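the sequence isn't on hand, but the structure is:
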């Protein structure tokens, strides 16, 4: 008798503890090494790195500097609540760090379980779902997946939950998960595509009629997802534009749309189309190659396969089971392709190492590679393990990439 899905879930729980334990041990051992940048010591918190320094400042004092508006409020709010629950009670930075690490590890474990359940629905194979979920326990940024209150662990959890809600046609629930995800990363608005696909595109492609009520529902649910990000922009507009004298307007006031987020990202982080494509950034592009190449390769493979089936069958009332199953994966392929393209051409490309985990498609692609091309699959597993360990040491010593 073979293993059941419940057996697989139990295996994944054990593997989750093992993975978190391995990377946690490496992080602890690496913390004894000298810091490349000792700025965390100046603010009396040796555990803060990179964006966490900004998050902590926002959590303590609110948005006091223009450049801080590059960070959405989700992660700072979590840090504020954590400090209130633990830090104020114990006045101990270490206690706060332990609480945060344990809480985020448990969140990551639940993300893996959700990934398995989602994979089970879409891949139609318990063994394939287990493989993909096990590969997800070798993330390319273990520290930001398991231990620290970056945006990514929350964004990954909420994205997975929303995608699973879409897969089970719980559209309102999905919209709420995606809306909360948008309080952590602006990319959360792209998740609206899963709702539009499930409510409009997939029914159309399988020959079903689209009713006006469905169009209205889709519009409302999509608007819900956009509300947090738009509200964030509106608050900034009121603070910087309406409360300031007209004689001293901010530079982005008259732009359309008047977005402080895009202004700050461009001004302070040099984000924009091809602005990151410089010789000095070549190392960051190189380390981003493995996940980027995997996502683009599998997305191309899947979309070619779906196109062939669609051209052969066309729109009909009773599409084949093969076509229907392929359509479940297609929105994930399109989302991963669009998301990765934005990271490649108009962002800091190396952050795909943190964000790849938020896309189930990454690990479905890894499972495909492992099965169809075992040698390359082995290379992927080796790279994932080695880079995960290296990036953990780099994080502990405050070395890039962030």
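Structure's in. What do you need? Since we're looking at a predicted model, the values are computed, not measured. Numbers count the residues shown, from 1 in each chain.

chain neighbours aside, what residue packs nearest to residue 116?
residue 133 (4.2 Å; Cβ to Cβ, 6 or more residues apart in numbering). Yep, even glycine has a C-beta here, placed from its N, CA and C like the rest.

which strands and helices sit next to the host helix or strand of the one you found?
Taking DSSP states H and E as the definition, one finds residue 133 inside helix 126-135. Counting contacts by 3 or more Cβ pairs under 8 Å, 6 or more residues apart in numbering; DSSP states H and E, helix 126-135 is packed against helix 5-30, helix 93-123, helix 360-372, helix 374-396.

quick one: residues contacting residue 104.
Taking Cβ atoms under 8 Å, 6 or more residues apart in numbering as the criterion, residue 104 is in contact with 146, 147, 148, 149, 153.

coming back round to it: give me the contact list for the helix holding residue 133.
By Cβ under 8 Å, 6+ apart, the list of residues contacting helix 126-135 reads 3-5, 8, 11-12, 15, 112, 115-116, 119-120, 123, 360, 363-364, 366-367, 370-371, 380-381, 384.

which helix or strand contains residue 297?
Counting by DSSP H and E, residue 297 is found in helix 282-313.

counting by contacts, list what that helix packs against.
Applying 3+ Cβ pairs under 8 Å, 6+ apart, one finds that helix 282-313 contacts helix 321-346, helix 352-355, helix 360-372, helix 374-396.

ok, now how distant is the most centrally placed residue in the chain from residue 116?
By Cα atoms, centre = their mean, the chain has its centre lying nearest to residue 358, at 3.3 Å. Noted for residue 358: a distance of 16 Å to residue 116, by Cβ to Cβ, to the nearest Å.

just checking, residue 180 touches residue 157?
No: look at residue 180 against residue 157 with Cβ atoms under 8 Å: they stay out of range, at 9.7 Å.

the two: who's more crowded?
residue 157 (22 against 19; other Cβ atoms under 10 Å).

which secondary structure element contains that one?
Residue 157 is part of helix 151-167 when elements are defined by DSSP H and E.

and after that helix, which helix or strand comes next?
That would be, after helix 151-167 and using DSSP H and E, helix 171-181.

so for whatever helix or strand comes next after that following helix, what's the average pLDDT?
Going down the chain from helix 171-181, the next helix or strand is helix 192-196, by DSSP H and E. What helix 192-196 shows for mean pLDDT is 98.

could I get the buried residue list for helix 192-196?
For helix 192-196, a neighbour-count test (16 or more other Cβ atoms under 10 Å) marks 192, 193, 194, 195 as buried.
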